[in-house]
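Chemist: with the sequence up front, the predicted model follows.
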Amino acid sequence: QVQLVESGGGLVQPGGSLRLSCAASGFTFSSYPMSWYRQAPGKERELVAGITNNGGTTNYADSVKGRFTISRDNAKNTVDLQMNSLKPGDTAVYYCYVFIGFKAFWGQGTQVTVSS
């Protein structure tokens, strides 16, 4: 079965960096685009970044452009999100996402808190 397991969240000061990782299993990872979403308290879940199956194309929410970088390793079945220059507004639970066979799959999420 499809499994997505996120790691790397935590507490960081404004201006700091974190690297999130998502380990995928149960499907042919290299065949599917992958995405990171986030959900802040009281807000809707939003797309943060996406990457095509071969990693050739990426896209980002305007709010994170220039600060976040999504990447993938198809040999390791992982997709990462490097987050730099973090702001308090980036505080949220971050989720790994894949859409397979008309069905959406989500990880359990990892908490990122940006606070001094």
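Modeler: Everything's here; your move.

Chemist: CA only for contacts and neighbour counts going forward, please
Modeler: Noted.

Chemist: bridging residues for residue 47?
Modeler: residue 37 (DSSP bridges).

Chemist: if I read this right, it contacts residue 34, doesn't it?
Modeler: No: when contacts are counted by C-alpha atoms under 8 Å, residue 47 is not listed as touching residue 34 (11.0 Å).

Chemist: which of the two has more residues huddled nearby?
Modeler: Neighbour totals were compared for residue 47 and residue 34, and residue 34 leads with 26 against 17 (other C-alpha atoms under 10 Å).

Chemist: ok, now which ones touch the more buried one?
Modeler: When the contact criterion is C-alpha atoms under 8 Å, 6 or more residues apart in numbering, the partners of residue 34 are 50-53, 79, 96-99.

Chemist: any stretches of the chain with poor pLDDT?
Modeler: Across the chain, nothing is flagged by pLDDT under 70.

Chemist: tell me where it has helices.
Modeler: With DSSP state H, there are no helices along the chain.

Chemist: grab the most central residue of it for me.
Modeler: The residue lying closest to the centre of the chain (C-alpha atoms, centre = their mean) is residue 36, at 2.9 Å.

Chemist: for that one, which non-adjacent residue is closest in space?
Modeler: Computed as C-alpha to C-alpha, 6 or more residues apart in numbering, the closest residue to residue 36 that is not its neighbour in sequence is residue 96, at 4.8 Å.

Chemist: how about residue 100?
Modeler: Residue 100 sits nearest to residue 32 (C-alpha to C-alpha, 6+ apart), 7.7 Å away.

Chemist: please apply the same query to residue 57.
Modeler: residue 51 (5.8 Å).
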